[in-house]
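In: The sequence and its predicted three-dimensional model are supplied below.
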Amino acid sequence: MASTARMTLVAAMLLLVTTHVVPHEDVKKTPEDALDWWETAVFYQVYTRSFKDSDGDGIGDLQGITENLDYLSDLGVSAVCLAPIFSSPMVDFGYDIDNYIDIDPIFGTLKDFERLVEKAKRLGIKVILDFVPNHTSKQHEWFLKSRQREEPYTDYYVWRDSPGRSTSIRPPNNWLSVFGGSAWTWDNVRGQYFLHQFTEDQPDLNFRCPAVRQEMKEVLRFWLGRGAFGFRVDAVSHLFEDYQFRDEPESVLDAEDWEYTFLEHPLTRDLSQNYWLVQEWRQVLDEFASGVDNVTRSVLSSLHKLVSGVLSYDRSIPFCP
């Protein structure tokens, strides 16, 4: 069900535009070099699991990608975008991450990633990673500690009481998961509901918590330091929710009351805070670039809002499906 719904989302994300990235202020460009690298790059998206199996276990891996970089170079590819390769229980094929700074063993090791980056660099290919900040796996250390109210993780996720402080009978509001059903699940350990805009195995992080925002900046710095040249931000439209937790209005579409399209989503999708959070991440990449080589690192953001919403990103972020 999760994979089917995700494919539906991918189809919905095709109505996008690519906007001009404002280069770092320290980067001086001549008329002959007016375009940034990403504006002329040929991007090739790699779904690691099915790309090339190098060890015979039936699952594609990083070594398999490394072995095929010469082929991609011959095709004229200048940047490869890797689907999630981080440690994960794989409930949603890697989009449920339990460790942002490690490679899942089915794909290889950090050393394998470093070898991939080294060869890609020799071939003039930049490596872009899928970045999944909206939610983690329920198996992530942060969630396990948050449900125990262990500091500083207590507010790392979006927790709410049932209305009127009842037990687990009634969710906090009518919000729906992208995959259908309530976006809230009761947790017996914490004695509260947690928000999950995707599957219940993917609790939403609370980006109103400064510590969470800092954690994600450190994740970006970790991978930049290991040669990643940018990130495609997954589910960027869902990063923030209405802080008053009000009910969302019904839509005019013919849908069952458990389906995501039964409601309009002005309170859980494309909130203005999403824009400045992406700008914070843009600053992290610019700061890294200015200290290394002054070459722009990219943030590719997938959206499924109309063009007016895309332009709200202040023309400083490129967008892709």
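Out: Ah, there it is.

In: separation between residue 174 and residue 264?
Out: Distance of residue 174 to residue 264, computed by CB to CB, to the nearest Å: 11 Å. In short, each C-beta sits where N, CA and C put it, glycine included.

In: right, I mislabeled it, should have said residue 241
Out: Per CB to CB, residue 241 is found 14 Å from residue 264.

In: In terms of packing, which of the two has more residues around it?
Out: Using other CB atoms under 10 Å, the more surrounded residue of residue 241 and residue 264 is residue 241, with 24 against 14.

In: give the contact list for the more buried one.
Out: Residues in contact with residue 241 (CB atoms under 8 Å, 6 or more residues apart in numbering) are 158, 175, 195, 204, 267-268, 271.

In: next one: residue 78
Out: The contact partners of residue 78, taken as CB under 8 Å, 6+ apart, are 37, 40-43, 124-126.

In: Going through the residues you listed, which ones are buried?
Out: Buried members of the contacts of residue 78, counted by 16 or more other CB atoms under 10 Å: 41, 43, 125-126.

In: And those, which is closest to residue 60?
Out: Checking the buried ones among the contacts of residue 78 against residue 60 by CB to CB gives residue 125 as the nearest, at 17.5 Å.

In: Rounded mean pLDDT for stretch 271-287, please.
Out: For stretch 271-287, the mean pLDDT works out to 93.

In: what's the answer for stretch 225-243, then?
Out: Mean pLDDT, stretch 225-243: 95.

In: Where in the protein is the helix or strand with the lowest mean pLDDT?
Out: Taking mean pLDDT, DSSP states H and E as the measure, the helix or strand of the chain with the lowest value is helix 2-12, at a mean of 37.

In: Now do stretch 231-244: distance to the chain's middle.
Out: Distance of stretch 231-244 from the chain centroid (CA atoms, centre = their mean, to the nearest Å) equals 9 Å.

In: List the buried residues of it.
Out: 231-241.

In: Among these, which ones are in strands?
Out: 231-233 (DSSP state E).

In: between those, which is closest to residue 224?
Out: Distances from residue 224 to those, taken by CB to CB, are shortest for residue 231, at 8.9 Å.

In: Can you tell me the closest non-neighbouring residue to the closest one?
Out: Nearest residue to residue 231 in three dimensions, chain neighbours excluded: residue 131, at 3.9 Å (CB to CB, 6 or more residues apart in numbering).

In: just the buried residues of stretch 231-244 now: which is nearest residue 219?
Out: residue 231 (9.4 Å).

In: thought that closest one was touching residue 133?
Out: No: with contacts counted by CB atoms under 8 Å, residue 231 stays clear of residue 133, the gap being 9.2 Å.

In: Run the chain-centre distance for stretch 125-139.
Out: Centroid separation for stretch 125-139 versus its chain: 5 Å, with CA atoms, centre = their mean.
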